[in-house]
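> no sequence for this one, just the structure:
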């Protein structure tokens, strides 16, 4: 599935649609260059989960956690600065197996081996200054359900 957005607000709106549909246990793997819109999508996802906090990129902290609706928590990882997962591999395995967590992983290369197969992979590509092309692929049943609900 390919979606095109033409502004940050549309990217947040798409994220909010996803956030309204999740039930906990979903994993989003976000790929794209610096500035592609990965954190912008996550801000929208948080909005859809009823999170009022200002979602920030966890680049320097590696992870941030936010409490959302229905006791679902959003766990946001950014592995941009890591070359080895180390103990973070154990943490991300735990988070992705928690049925009350929605996990977002940016720059996932260092933890790809421990991510579950059933995840939504989003590749975000800038097509001009404001427009982004989002290619979505589902890795399993739950991810397919989520993408099907977005159509």
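Sure, I can see it. Since this is a predicted model, take the numbers as computed values, not measurements. Numbering: from 1, shown residues only.
> The host helix or strand of residue 28 packs against which elements?
Secondary structure assigned from DSSP states H and E places residue 28 in strand 27-32. In this structure, strand 27-32 packs against helix 38-48, strand 101-106, strand 120-126, with contacts taken as 3 or more C-beta pairs under 8 Å, 6 or more residues apart in numbering; DSSP states H and E. Just so you know, the C-beta spots here come from the backbone N, C-alpha and C atoms, and that holds for glycine as well.
> Could you dump these into TSV and include mean pLDDT?
TSV is the format used below for the helices and strands packed on strand 27-32 (pLDDT from 0 to 100):
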stretch	mean pLDDT
helix 38-48	96
strand 101-106	95
strand 120-126	95
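> Any chance of CSV for the ones you listed, columns distance to residue 144 and mean neighbour count?
Converted to CSV, the helices and strands packed on strand 27-32 look like this (distance: least, C-beta to C-beta, whole Å; neighbours: other C-beta atoms under 10 Å):
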stretch, distance to residue 144, mean neighbour count
helix 38-48, 18, 24
strand 101-106, 17, 24
strand 120-126, 9, 19
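> On the pLDDT front, check residue 88 for me.
pLDDT recorded at residue 88 is 74.
> does it really touch residue 111, like I thought?
Yes. With contacts defined as C-beta atoms under 8 Å, residue 88 counts as touching residue 111 at a distance of 6.6 Å.
> Quickly list what's touching both of these two.
Where contact means C-beta atoms under 8 Å, 6 or more residues apart in numbering, the residues bridging residue 88 and residue 111 through contact with each are 77, 79.
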